[in-house]
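**Student:** coords please:
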Amino acid sequence: MSPAASAAIRNDVAKQRAAPKVSPHVKPEQKQMVVQQESIREGFQKGCLPVMVLKAMKPFTFETQEGKQEMFHATVATEKEFFLVKVFNTLLKDKFIPKRIIIISRYYRHSGFLEVNSTSRVLDAESDQKVNVPLNIIRKAGETPKISTLQTQPLGTIVNGLFVVQKVTEKKKNVLFDLSDNTGKMEVLVIRNEDAMKCKEGDKVRLTFFTLSKNGEKLQLTSGVHSTIKVIKAKKKNREK
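**Tutor:** Here you go, the predicted model:
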């Protein structure tokens, strides 16, 4: 085979492998769908995302191999969906004020949450820029998912919510909670910490950034490095009337 023929074949193969981003024969509606799919891929997002802040929690300290670091959790929303956010720059706490419209850029998008770190940019939106978040999205962002719903979700799903504790089992390295609601029961595995140790049967626990996982055949919520737990003590019944 001559060098010219060989080069032509290589060019044809390269053209077949390099598919265009959007075919010129695709309809305008399909082009829009392709662009939307490209824009929501996971990973580093350089573009700007205007959102309304729904909630921001207090900063807390967590352990890493490099030592202790600080972060806080937040919830933001667009006109179509809400996002849980891990914010690793506590200097941005003044930006994450409920009902404020902010613009986030240079952030990371993961399955189920956004990550804002020291290289991210968070700016106040212009006074005329609005993000009209529907009430149903605001309501959904603050709801505790039903246990029956969690049992249908894929492993790795991030879960926030307020649950009633039915049983506490303390172990050397962790604490196991049995939770329940009117749709079912589920276990929660928490890395041993002071807050978890204060929990008793009948108390409520507010879980933030727990992960849906599996222990054998049992589904359970598992705490991670960036998880938090807040114990809400049950009210003592007044025995004397």
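**Student:** beta partners for residue 191?
**Tutor:** Beta-bridge partners of residue 191, counted by DSSP bridges, are residue 174.
**Student:** Report the next helix or strand after the worst-scoring helix or strand of the chain on mean pLDDT in sequence order.
**Tutor:** Every helix and strand in the chain was compared by mean pLDDT, DSSP states H and E; the lowest is helix 28-39, with a mean of 41. As assigned by DSSP states H and E, the chain's next helix or strand after helix 28-39 is strand 43-45.
**Student:** That next one pairs with which strands, and in what direction?
**Tutor:** Applying DSSP bridges, strand 43-45 is found paired with strand 107-110 (antiparallel).
**Student:** tell me which residues of the partner strand are tucked away?
**Tutor:** By neighbour count on 16 or more other C-beta atoms under 10 Å, the buried set for strand 107-110 is 107, 108, 109. Where C-beta positions appear, they are placed from N, C-alpha and C, glycine not excepted.
**Student:** repeat for stretch 109-117
**Tutor:** 109, 112, 113, 114, 115, 116.
**Student:** Those: which two are farthest apart?
**Tutor:** Using C-beta to C-beta, the pair of the buried residues of stretch 109-117 lying farthest apart is 112 and 116, separated by 14.9 Å.
**Student:** show me where the protein has helices.
**Tutor:** Per DSSP state H, the chain carries helices over the ranges 3-17, 28-39, 135-142, 147-150, 194-197.
**Student:** Quick one: mean pLDDT over the last one.
**Tutor:** Spelled out, that is helix 194-197. For helix 194-197, the mean per-residue pLDDT is 72.
**Student:** Would you indicate which residues of that helix are buried?
**Tutor:** Quick answer for helix 194-197 (16+ other C-beta under 10 Å): residue 196.
**Student:** how does the chain divide into domains?
**Tutor:** Following automatic domain parsing, the chain resolves into domains at 43-138, 144-232.
**Student:** Of these, which shows the lowest average pLDDT?
**Tutor:** Comparing mean pLDDT across those, the weakest is domain 144-232, with a mean of 90.
**Student:** how long is it end to end?
**Tutor:** From its first residue to its last, domain 144-232 covers 15 Å (C-alpha to C-alpha, to the nearest Å).
**Student:** Report the distance from it to the chain centre.
**Tutor:** Mean-position distance between domain 144-232 and its chain equals 16 Å (C-alpha atoms, centre = their mean, to the nearest Å).
**Student:** got a list of contacts for stretch 159-179?
**Tutor:** By C-beta atoms under 8 Å, 6 or more residues apart in numbering, the surrounding residues in contact with stretch 159-179 are 84, 143-145, 147, 150, 180-181, 185-192, 196-197, 199-212, 221, 232.
**Student:** Stretch 118-137: which residues count as buried?
**Tutor:** Buried residues in stretch 118-137, defined by neighbour count with 16+ other C-beta under 10 Å: 120, 122, 125, 131, 133, 137.
**Student:** Any idea how far apart the tips of that stretch sit?
**Tutor:** End-to-end distance of stretch 118-137 (C-alpha to C-alpha): 28 Å.
**Student:** Beta-bridge partners for the residue nearest the centre of the chain, please?
**Tutor:** Nearest to the geometric centre of the chain sits residue 113, at 2.9 Å (C-alpha atoms, centre = their mean). Taking DSSP bridges as the rule, residue 113 bridges to residue 84, residue 110.
**Student:** which ones are touching it?
**Tutor:** Applying C-beta under 8 Å, 6+ apart, we find residue 113 in contact with 83, 84, 85, 86, 158, 209.
**Student:** With distance to residue 217 and neighbour count as added columns, please give these in TSV.
**Tutor:** Formatted as TSV, the contacts of residue 113 follow (distance: C-beta to C-beta, whole Å; neighbours: other C-beta atoms under 10 Å):
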residue	distance to residue 217	neighbour count
83	32	19
84	28	19
85	33	22
86	30	19
158	22	19
209	25	19
